[in-house]
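Novice: Here you go, sequence then predicted model.
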Amino acid sequence: MSAASTSTAPTSSSSEALPTAEQHGIKEHSDGRFGFVPVQTRSARFKSFEPADFAAVTGREAVWKLSPVGKFTDLTAGELDGSNYDFDTTPHADVDVSWVDRTDARVGTAGAPEERAAANAWSSFGQALAITVSGEEAKEITLTRATLGSVPRAAHTIIEAKPFSQAVVILQNIGDARISENVEIIVGESANLTVVTLQEWNADAVQLANHFATIGRDARLKHVVVSLGGSIVRVNPSVILAGPGSDTELFGLYFADAGQHLEQQVYVNHDAPNTRSRVNYKGALQGAGARTVWIGDVLIGNTAPGTDSYEQNRNLVLTEGTRADSIPNLEIETGDILGAGHASATGRFDDEQLFYLQSRGIGEIEARRLVVRGFLSEIVQHIGSAPLEERLQGAIENELRGTEGN
Amino acid sequence: MSVLEIKDLHVSVETDQGTKQILRGVDLIINEGEIHAIMGPNGSGKSTLAYTIAGHPKYHVDSGSILLDGAEVLTMTVDERARAGLFLAMQYPVEIPGVTVTNFLRTAKTAIDGEAPAIRTWIKDVRESMVKLRMDKSFAERNVNEGFSGGEKKRNEILQLELLKPKFAVLDETDSGLDVDALKIVSEGVNRAKENTGLGLLLITHYTRILRYIKPDFVHVFVDGRIAEQGGPELADRLEDEGYDRFLTETPVG
Ligand SMILES: Nc1ncnc2c1ncn2[C@@H]1O[C@H](COP(=O)(O)OP(=O)(O)OP(=O)(O)O)[C@@H](O)[C@H]1O
Ligand SMILES: [Mg+2]
């Protein structure tokens, strides 16, 4: 992909680097442009379960500065419906799906809100929907939410993989929604869990989601965020590698059309020895006002010698008038690491690729499709569910077709 | 019989320093089944000629014309030119991440023929061509040119030449960067394609060594954006001995 880029924000970067601890302290994260004192380190960021502990959202906060906060004050400041909702799922003997009370011991074990919408959701939900996985054989379940409606609501989900268990859990989101929600993911010792969250909402939907994951000793979490449909979709996964030898792969795929705001703030906290993380998010932007935000914070604590970490974000800009922000941050508190690096690039469609394909007789529209599909397929191929991969290829085709006329 | 005619072609590019004239009146006629070699120093405009025939958007045609069997090529889009029977084996083929060779070849073949190839014979054709070009079958599932060595990229170009069966092919320094074994394999591929389809060839090269394996009918010396001299195969031998010096009295070489 060519590095040339027009429609990107000042915060967008195009860089490839293998930084050292000295180069990448808190400096890169600090952002003086907005005139406030930056948080020293990501792990020290203020947390609370109470919305009242957060000041009214202004849009200048680190967590909100790239979001259209004026468009969802109902979620950050209003009253939220925390009642249970309908969902669809295929039953499996080793996967229990049920509503549990707020007093459930797992609530609050994977993380805590760092902003007001998350705290508002936390204080508003009635019961949490708990997905509890056991059993060592591979299995896949899909949980579909299709009828959340457009009344502002709160939700809380727990996904727990018992020690040594294995599963792929797909959260499928369609229909209307105005929701602020928290998802806690608890991966027990030596468990192997994949969580895929698919946002294919109706065009007006607004979703603010925080995923908090904690990964036990020698356990593995693969987390995949796919955002295609919705007006404002913000899914922020935050993962603590808590057990020695734990491993996480965080993938993301997004395709922003005209007027869509798709955001993901990823945070990986290496908090134990010999942990590994890979972050790879890829996005395409097409149409006037298409907007994406990717922030990738990686913290390698002094508790995490032997860390192996790499994060990257790539955006493919297909038309004029879009904006992609891509901000990798790496904080390293220990000298004893295996590797840490990041890459971020936002580029326009590569005309040389197009020329090559066309020079073999392939028409322009099909050539563009091939290139975009190819660009995004790296993520699709990592999902690990053949039927889902196939369906997503189809969904990407639809995205491409949807704005062809523009 | 097919014929490709290039008439008084003037081409320029936009650079940071302004418009730069590169081709200054190129005239060339290639008949089906003929092999024309174009030889010339670096920067003389050989690739520019190749790209202009293929329709690369960077190159602006200021005047002149390119006719394929009488039809104006310059008004065709890049893909229309390919479908009309033109092919360019590129000097530096680009990588296409996420698009496998298999998928790419099938898509291109379908586009050129206007219908999908019969599955069974197609798979057989692809496999046979790959074997002859000594390309491991794992290449079929790799992304186009991604991580290919220089030589592997060139073989992949000739693979496409064999499978897409154009009427005229321009080979832009297909020989550069190849060791002698690879050069033989690639040359055999080109000769095979010519035998099977009787295509006309415009062979751009820097060195005479590929002309040992692909015998040209005509040799053109390209200097400063135009053809400075032409002759038969013996001209290549003369260039081998004398170099381009005698053509370069006024023109500094880049
Ligand atoms: N896109 C471009 N922008 C600026 N200058 C260009 C561009 N393309 C070609 N040129 C210039 O035009 C001239 C001819 O280039 P061209 O690539 O056609 O030469 P060539 O004969 O193929 O050289 P080589 O033997 O090195 O492949 C050179 O001076 C080159 O720098
Ligand atoms: Mg050249």
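Specialist: Ah, there it is. Ligands and ions are numbered 1, 2, ... in the order given.

Novice: contacts and neighbour counts: CA atoms only from here.
Specialist: Will do.

Novice: what about residue A:69, neighbour count?
Specialist: By other Cα atoms under 10 Å in any protein chain shown, 16 other residues sit near residue A:69.

Novice: Surely it and residue A:58 touch.
Specialist: Yes - counting by Cα atoms under 8 Å, residue A:69 touches residue A:58, with 7.4 Å between them.

Novice: Quick check: bridge partners of residue A:250?
Specialist: Counting by DSSP bridges, residue A:250 is bridged to residue A:223, residue A:279.

Novice: can you pull the contacts of the residue lying closest to residue A:155 once chain neighbours are set aside?
Specialist: Nearest non-adjacent residue to residue A:155, counting by Cα to Cα, 6 or more residues apart in numbering or on different chains: residue A:181, 4.6 Å away. With contact taken as Cα atoms under 8 Å, 6 or more residues apart in numbering or on different chains, residue A:181 is in contact with A:118, A:121, A:122, A:154, A:155, A:156, A:157, A:207, A:208, A:209, A:210.

Novice: which residues of the chain score low on pLDDT?
Specialist: No chain was given, so I picked chain A. A:1-40, A:402-406 (pLDDT under 70).

Novice: wait, I meant chain B there
Specialist: B:249-254.

Novice: for it, which helix is longest?
Specialist: Assignment by DSSP state H gives helix B:180-197 as the longest helix of chain B.

Novice: how about that one: buried residues?
Specialist: Neighbour-count burial for helix B:180-197 flags B:182, B:183, B:184, B:185, B:186, B:187, B:188, B:189, B:190, B:191, B:193, B:194 (criterion: 16 or more other Cα atoms under 10 Å in any protein chain shown).

Novice: Can I get that helix in CSV, CA atoms only?
Specialist: Output of helix B:180-197 as CSV, limited to C-alpha atoms (Å, rounded to 0.1, in the frame of the first residue of the first chain):
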residue,chain,number,x,y,z
VAL,B,180,21.4,-18.2,-16.6
ASP,B,181,19.1,-21.2,-15.7
ALA,B,182,16.2,-18.9,-15.0
LEU,B,183,16.9,-17.0,-18.2
LYS,B,184,16.7,-20.2,-20.2
ILE,B,185,13.5,-21.3,-18.5
VAL,B,186,11.9,-17.9,-19.0
SER,B,187,13.0,-17.8,-22.7
GLU,B,188,11.6,-21.2,-23.3
GLY,B,189,8.3,-20.0,-21.9
VAL,B,190,8.3,-17.0,-24.2
ASN,B,191,9.2,-19.2,-27.2
ARG,B,192,6.5,-21.7,-26.3
ALA,B,193,3.9,-18.9,-26.1
LYS,B,194,5.0,-17.7,-29.5
GLU,B,195,4.8,-21.2,-31.0
ASN,B,196,1.4,-21.8,-29.6
THR,B,197,-0.3,-18.6,-30.4
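
Novice: what does the strand or helix carrying residue B:221 contact?
Specialist: According to DSSP states H and E, residue B:221 maps onto strand B:218-223. For strand B:218-223, contacts defined as Cα under 8 Å, 6+ apart pick out B:35-41, B:44-46, B:227-233, B:235-236, B:247-248.

Novice: mind listing which of those are in strands?
Specialist: B:35, B:36, B:37, B:38, B:39, B:227, B:228, B:229, B:230, B:231 (DSSP state E).

Novice: Just put those in a markdown table and tack on distance to chain A.
Specialist: Formatted as a markdown table, the ones in strands among the contacts of strand B:218-223 follow (distance: Cα to the nearest Cα, whole Å):
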| residue | distance to chain A |
| --- | --- |
| B:35 | 21 |
| B:36 | 21 |
| B:37 | 21 |
| B:38 | 21 |
| B:39 | 23 |
| B:227 | 25 |
| B:228 | 29 |
| B:229 | 30 |
| B:230 | 29 |
| B:231 | 30 |
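
Novice: Filter those down to the buried ones.
Specialist: Applying 16+ other Cα under 10 Å to the ones in strands among the contacts of strand B:218-223 flags B:35, B:36, B:37, B:38, B:39, B:227 as buried.

Novice: Just give me the closest of these to ligand 1.
Specialist: Ranked by distance to ligand 1 (Cα to the nearest ligand atom), these are led by residue B:39 at 8.5 Å.

Novice: Relative to residue B:246, how far out is the closest one?
Specialist: Computed as Cα to Cα, to the nearest Å, the residue B:39 to residue B:246 distance reads 14 Å.

Novice: same thing with residue A:131?
Specialist: From residue A:131 to residue B:246 the distance is 81 Å (Cα to Cα).

Novice: and the two? which has more neighbours close in?
Specialist: residue A:131 (20 against 9).

Novice: show me the contacts for the more buried one.
Specialist: Going by Cα under 8 Å, 6+ apart, residue A:131 touches A:95, A:96, A:97, A:98, A:157, A:158, A:159, A:160.

Novice: Quickly check these for the two that are furthest apart.
Specialist: The largest separation in the contacts of residue A:131, counting by Cα to Cα, is between A:95 and A:157 at 14.3 Å.

Novice: so what's residue A:376 up against?
Specialist: Residue A:376 makes contact with A:253, A:282, A:283, B:98, according to Cα under 8 Å, 6+ apart.

Novice: Of the residues you listed, just the buried ones, ChimeraX syntax please.
Specialist: Under the burial definition 16+ other Cα under 10 Å, those of those that qualify are selected in ChimeraX by:
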select /A:253,282,283 /B:98
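
Novice: Looking at chain A, which residue is nearest chain B?
Specialist: residue A:374 (3.6 Å; Cα to the nearest Cα).

Novice: Once you drop chain neighbours, what's closest to that residue?
Specialist: residue B:98 is the one closest to residue A:374 (Cα to Cα, 6+ apart), at 3.6 Å.
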